[in-house]
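**Q** Would you be able to build a 3D model of this:
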Amino acid sequence: MQQRCYESTRNSDLCNRMSTRTYQRWAPKHWDEYSLLDSGHGARLEKFGKLILDRPDPSVVWSRGRNNLEWRDADSRFEPTSRTKGDWSPAEVRPKGWQMNYKSPKLQLRFHLEMTSFKHVGIFPEQAANWEYIADNVQEGQKFLNLFAYTGGASLAACAAGADVTHVDAIRQVIDWTRKNMQLSGLDGIRWVVEDALKFAQREQKRGNKYHGIILDPPTWGLGPKGEKWKLEDQLIPLCQTVAQLVEPGGFIIMNTYSGISPSALETVWSRILPTAESECGELCLEAEDGHLVSTGSLIRIKTRP
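**A** Numbers count the residues shown, from 1 in each chain. This is a model prediction of the structure:
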């Protein structure tokens with residue numbers, strides 16, 4: 001099929017650049033204690049340290065590669081009871097918590113995991129691809145900002161590389177979870193901020209503060225620490241415009257979304273905000289034991305000019 005690019009005279013350079021773009025797929029390469037064993041029929045079969053879990057994933061629309069007996073051998077499976085919550089079954093094998101290591105030539109991290117009522121266990125293993133990028137691109141003493149930081153894998157990676165890290169999340173319990181991960185990893189010195197990420201970024205802009213590296217992983221929707229409602233579709237452009245003012249020349253921004261926003265949409269958003277920056281975009285993935293890939297979301301990495 002012939003490739004088409006609909007262009008105006010004013011935007012022909014951007015259109016030509018985007019029409020030849022090759023979108024990438026990034027999957028972590030250094031996990032020993034996590035494995036995607038199989039996927040299919042709307043679920044993933046995953047090994048997190050000592051436990052094998054069966055978790056729903058509506059994007060997994062193909063047939064399963066392993067037989068049903070292997071799936072039935074899972075230690076626990078998540079059964080949704082509403083759109084956002086559910087239970088783990090059987091309940092008697094649900095531990096209060098366990099730990100898992102991530103080891104690569106540059107990073108030695110340790111995480112505390114728990115089975116939550118919203119199917120997550122405290123880590124998004126595909127994010128290890130971003131941890132390695134961060135470790136490669138920050139140096140001792142450089143400032144790093146993690147917005148919508150969850151349990152802090154990116155914060156730990158930047159801290160391990162010697163960066164001055166600010167970790168921002170609206171949920172105090174998540175901050176406490178990250179603090180535990182920091183201690184387990186033998187790290188310290190992370191600055192904790194319990195606040196709405198956009199409001200914090202806007203204040204940092206007014207203060208004139210800059211960061212060498214910024215990562216943001218905004219949720220589709222959520223609530224702030226004071227019950228403020230968050231909808232990504234309403235806040236995406238103000239968020240990106242504000243973050244663009246916080247990155248220093250020669251610095252980088254990583255943005256990924258699990259909300260259905262496509263890589264090409266992310267590229268267009270950022271190319272209009274930072275038109276002179278270099279970027280690469282595509283999908284963040286997990287690679288299963290048989291080699292098939294499961295896309296977990298869209299990802300863009302941006303480097304500003306020195």
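
**Q** Mind jotting down where the helices sit in the stretch 201-306 of the chain?
**A** Here the stretch 201-306 of the chain has its helices, by DSSP state H, counting those that start in this stretch, at 232-244, 263-273.

**Q** Could I get those in CSV, plus columns for mean pLDDT?
**A** Shown next, in CSV, are these (pLDDT from 0 to 100):
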stretch, mean pLDDT
helix 232-244, 93
helix 263-273, 96
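
**Q** Mean neighbour count and distance to Gln139 for those - can I get that in a markdown table?
**A** For every residue, glycine as well, the C-beta is placed using N, CA and C. Output for the helices of the stretch 201-306 of the chain, formatted as a markdown table (neighbours: other C-beta atoms under 10 Å; distance: least, C-beta to C-beta, whole Å):
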| stretch | mean neighbour count | distance to Gln139 |
| --- | --- | --- |
| helix 232-244 | 17 | 21 |
| helix 263-273 | 18 | 24 |
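
**Q** Out of the ones you listed, the one nearest Trp26 is which?
**A** helix 263-273 (11.1 Å; C-beta to C-beta).

**Q** Work out the gap between that closest one and the centre of the chain.
**A** Distance, stretch centre to chain centre, for helix 263-273: 18 Å (C-alpha atoms, centre = their mean, to the nearest Å).

**Q** Against which helices or strands is that helix packed?
**A** helix 12-19, helix 232-244, strand 247-257, strand 278-287, strand 293-303 (3 or more C-beta pairs under 8 Å, 6 or more residues apart in numbering; DSSP states H and E).

**Q** Mind listing residues that contact it?
**A** Residues from elsewhere that reach helix 263-273 (C-beta atoms under 8 Å, 6 or more residues apart in numbering): 14, 18, 21, 23, 236-237, 240-241, 244, 253, 255, 257, 277, 279, 281-283, 298-300, 302.

**Q** Okay, and the beta partners of Arg25?
**A** Beta-bridge partners of Arg25, counted by DSSP bridges, are Glu283.

**Q** Distance of it relative to Cys281?
**A** 11 Å (C-beta to C-beta, to the nearest Å).

**Q** what's the answer for Ala91, then?
**A** Noted for Ala91: a distance of 41 Å to Cys281, by C-beta to C-beta.

**Q** now the helix or strand harbouring Val165, how far from the centre of its chain.
**A** Following DSSP states H and E, one finds Val165 within strand 164-169. Strand 164-169 has its C-alpha centroid displaced from the chain centroid by 15 Å (C-alpha atoms, centre = their mean).

**Q** quick one, what contacts Leu147?
**A** Leu147 touches Val168, Ala197, Phe200, Ala201, Ile214, Ile215, Leu216, Asp217, Pro218, Val243, counting by C-beta under 8 Å, 6+ apart.

**Q** check contacts around Ala157.
**A** Counting by C-beta under 8 Å, 6+ apart, Ala157 has contacts Leu107, Leu109, Asn130, Trp131, Glu132, Ile134, Ala135.

**Q** Turn the residues you listed into CSV, including secondary structure.
**A** Shown next, in CSV, are these (DSSP: H, G, I helix; E, B strand; the rest coil):
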residue, secondary structure
Leu107, coil
Leu109, strand
Asn130, helix
Trp131, helix
Glu132, helix
Ile134, helix
Ala135, helix
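
**Q** Pull the most distant pair out of those.
**A** Going by C-beta to C-beta, the pair spanning the contacts of Ala157 furthest: Leu109 and Asn130, at 12.7 Å.
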